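*Asks:* Task: produce atomic coordinates for the following.
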Amino acid sequence: MAVCTVACALLWPHARNSAAILAAQDDPVELSDLQIDAILRNNESIVATNIERALATGDADLAASFVDLARQKNIAVSDELSGRVRDAVTEANSASHFAKGFASGLFTGAADDAASMSGTVAGDFFVFGDIRDVVREGKHLVTGAETDRLVLGLASAGLAITAATYISVGGAAPVRAGLTLVKDARKVGRLGEGLARWAGRSARDIVDAPMLENAVERASVLRPGQTVDAIKAAFHPEQAAGLVRLGKDVGRVGEKAGVRGALDTLAISQGPKDVARAARLAQSKGGQTRAILKMLGRGALLLATGAFDLTMWVFGALFALFGLLSSIKATTERLTLSWLHHKKARRLKKQKAAALRSTLAPVSARG
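*Replies:* Sure thing, here's the model as predicted:
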């Protein structure tokens, strides 16, 4: 019983944490909270370390995300370090930095922060960016060169979404921005391998190749209206539902966690379900999302590994508890049996003493 008591005391904290994680495996918000709390209990300094690393790499947004996380978890950050983060964020949000990033995003179509993302979305919103990508990949398709069908499908879907954005007076803008982010992540190689395979399969049937070839031959950025009509004729919207849902989820992440948060999500996601989970996490955690993804990776979104080990902790604790209860039962039975034997022996002793007295009584009377 003593051994089982010690085993239960040692196993209980691990088993309780493991059971909570297993129960929260379908809730990315609760799952990430439990894992972050476990990490911070063992090493609170990891937050300051990550802030220093983010500042060293010039990622003010990530540093600010860790400051938000520290504030939420009641972890102290030195005034000096907080001041450095504020200065870095101020510099990143300066007008000169924004103008430079906006121009880069507008003309190159590559985005890695809010400024360049604004330029990229502006280019796609005014169909310049999507036409550029469709014409480029379409010419590759016509000439038999290596074609990125995913970028081609995303750009084609983007043209249709842009039209819907105009019609709905911006209602489809988050989807538009999400598709742009997926396209940019693909261009710079920051799309998770599994997600890239899924998106590639989804984009395969979006575009009618022969019709697109004719559209590309007549395409021109100087005639956007005619070009868009020709490209949209080659686009099959009924095949794009999956990509549109993906774009919507990515847009939700971008709204709450920022452009880099969305790109971080795309880098670790292995399918659209991961992105949907990330959208739920971003809706709840906002600016903390990047810090959480940095610390946990894909583990912030689902219980990717360790389920067997977590289950064994729970079963180990249950086994020790069963042993403790069995030991208590056996101990109680043995103590009860010992008490009964002792009571029976005392009764027999009394009976023998009484019998002896009754036997000696007549002899004494005769004497």
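
*Asks:* Residues contacting the helix or strand where Trp12 lies, please?
*Replies:* Assigned by DSSP states H and E, Trp12 belongs to helix 2-23. Helix 2-23 is touched from outside by 31, 34-35, 38, 303, 307, 309-311, 313-314, 316-318, 320-321, 323-324, 326-327, with contacts defined as C-beta atoms under 8 Å, 6 or more residues apart in numbering. C-beta coordinates here come from the backbone N, C-alpha and C atoms, glycine included.

*Asks:* could you redo the last one with a cut-off of 10 Å?
*Replies:* 30-31, 33-35, 37-38, 41, 299, 303, 306-307, 309-328 (C-beta atoms under 10 Å, 6 or more residues apart in numbering).

*Asks:* Check the average confidence over stretch 275-290, would you?
*Replies:* The average pLDDT for stretch 275-290 rounds to 92.

*Asks:* Give me the buried positions along that stretch.
*Replies:* Going by neighbour count (16 or more other C-beta atoms under 10 Å), the buried part of stretch 275-290 is 275-282, 284-290.

*Asks:* in the stretch 1-150 of the chain, what spans have low per-residue confidence?
*Replies:* 95-99, 101-129, 141-142, 144 (pLDDT under 70).

*Asks:* what number of residues lie near Arg41?
*Replies:* 9 (other C-beta atoms under 10 Å).

*Asks:* Check Ser338 too.
*Replies:* Neighbourhood size, Ser338 [other C-beta under 10 Å]: 10.

*Asks:* Check the gap between it and Gly287 for me.
*Replies:* Ser338 is 66 Å from Gly287, where distance means C-beta to C-beta, to the nearest Å.

*Asks:* Likewise for Asn74?
*Replies:* Using C-beta to C-beta, Asn74 is found at 16 Å from Gly287.

*Asks:* and if you look at Leu10?
*Replies:* Applying C-beta to C-beta to Leu10 and Gly287 gives a distance of 38 Å.

*Asks:* again, but for Ser202
*Replies:* From Ser202 to Gly287 the distance is 31 Å (C-beta to C-beta).

*Asks:* before we move on, what about Ala76?
*Replies:* 19 Å.

*Asks:* what do you get for Arg53?
*Replies:* To Gly287, Arg53 is 18 Å away according to C-beta to C-beta.

*Asks:* what does Leu302 give?
*Replies:* Per C-beta to C-beta, Leu302 is found 22 Å from Gly287.

*Asks:* Equivalent analysis for Leu318, please.
*Replies:* From Leu318 across to Gly287, the span is 40 Å (C-beta to C-beta).
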